[in-house]
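> structure for the following, please:
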Amino acid sequence: MTAPAHRPTQRTPSSLVLAFVRFVVCGGGVGVASSGVLVLVGDRVPLLLANAVVTVVSTVIATELHSRISFRSGRRGWRIHLQSGLTVAVSYAFTTTALLVLHSVRPDPSALVEQTVYLSASAVAGVGRFALLRVVVFAVPTTAAEPVTTKSTLVMAA
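Okay, the predicted model is just below:
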């Protein structure tokens, strides 16, 4: 009797969509929780300090959720947190740049226009972050040199 062969999870279009849905749910859930924490501590702690702490803690939590749930990766440790943190920094720079460009083009935009630009930039940054996390941070290692041994290949070899 032989042990079952370990086969890497296949990446199909439907698995990509499911991973993206899990990414949005996990990231969105952490975002809503973070917003709630800021409201709760807003009058007791300076907003800039509270936002900085919440951003760091929520990034660590979201990275763990993305590792375990969104991408179902076995990767752990500070390296993935650092890489994920860098994707957050890039996303922050992208959304900030979008708002700065808006304010340079239209010095006094309405709240609706400002939110539309911010949310659109956040969506684009989120898709980019998903791609970076999937392809770089939580990439499934490929081992093309190692053949998968199955029961049928053992029978054929005998």
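> where does this protein dip in pLDDT?
1-12, 141-158 (pLDDT under 70).
> can you tell me the centre-most residue of it?
Among the residues of the chain, the one closest to the centroid is Phe130, at 5.0 Å (Cα atoms, centre = their mean).
> for the nearest residue to that one once chain neighbours are set aside, what are its contacts?
Distance criterion Cβ to Cβ, 6 or more residues apart in numbering; nearest residue to Phe130, sequence neighbours excluded, is Phe23 at 5.2 Å. Backbone N, C-alpha and C define where each C-beta goes, glycine included. Neighbour list for Phe23: 66, 70-71, 130, 133 [criterion: Cβ atoms under 8 Å, 6 or more residues apart in numbering].
> what about the helices in this structure?
13-41, 47-65, 78-105, 111-132, 151-157 (DSSP state H).
> let me have these in CSV, extended by distance to Val140.
Shown next, in CSV, are the helices of the chain (distance: least, Cβ to Cβ, whole Å):
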stretch, distance to Val140
helix 13-41, 11
helix 47-65, 17
helix 78-105, 14
helix 111-132, 14
helix 151-157, 22
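> understood, closing this out.
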